[in-house]
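A.B. asks: only the shape, not the letters, is given here:
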């Protein structure tokens, strides 16, 4: 019978760090932007599978830009958006 080798403990565990694959703590929010004009007024086109439309520049496509924000970043984003609307 062949001798089995021991499994090596990963360096990040030995150093007491978080897993490199771990997600950010807390809630995250996805914000989509138009790839043409960078507006956040992007929504799904009803009746079309996988099609998105920008309300600002009328861009239509399948891949809007997407950014994942932490809860704090999302709140800052909303505050900034409200200031621009005034």
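C.D. replies: Arrived safely. A quick note: this is a predicted structure, and the numbers were derived from the prediction, not measured.

A.B. asks: going by C-alpha atoms from here, please, whenever you check contacts or count neighbours.
C.D. replies: Will do.

A.B. asks: where does the closest residue to residue 19 other than its chain neighbours land on pLDDT?
C.D. replies: Leaving aside its chain neighbours, residue 19 sits nearest to residue 12 (6.8 Å; criterion: C-alpha to C-alpha, 6 or more residues apart in numbering). Note for residue 12: predicted pLDDT of 82.

A.B. asks: show me the contacts for residue 12.
C.D. replies: Residue 12 sits next to 18-20 when contact means C-alpha atoms under 8 Å, 6 or more residues apart in numbering.

A.B. asks: helix, strand, or coil at it?
C.D. replies: With DSSP: H, G, I helix; E, B strand; the rest coil as the basis, residue 12 sits in helix.

A.B. asks: isn't residue 27 right up against residue 72?
C.D. replies: No - with contact defined as C-alpha atoms under 8 Å, residue 27 does not reach residue 72; the gap is 9.3 Å.

A.B. asks: quick one, what contacts the residue nearest the centre of the chain?
C.D. replies: In the chain, the residue lying closest to the centroid (C-alpha atoms, centre = their mean) is residue 68, at 2.3 Å. Residues counted as contacts of residue 68 (C-alpha under 8 Å, 6+ apart) are 28-31.

A.B. asks: out of the residues you listed, who's nearest residue 44?
C.D. replies: residue 31 (13.1 Å; C-alpha to C-alpha).

A.B. asks: name the element the closest one belongs to?
C.D. replies: Assessed by DSSP states H and E, residue 31 sits inside strand 28-33.

A.B. asks: got a list of contacts for the longest helix seen in the chain?
C.D. replies: As assigned by DSSP state H, the longest helix anywhere in the chain is helix 71-85. Helix 71-85 is contacted from outside by 26-29, using C-alpha under 8 Å, 6+ apart.

A.B. asks: thank you kindly, that will do.
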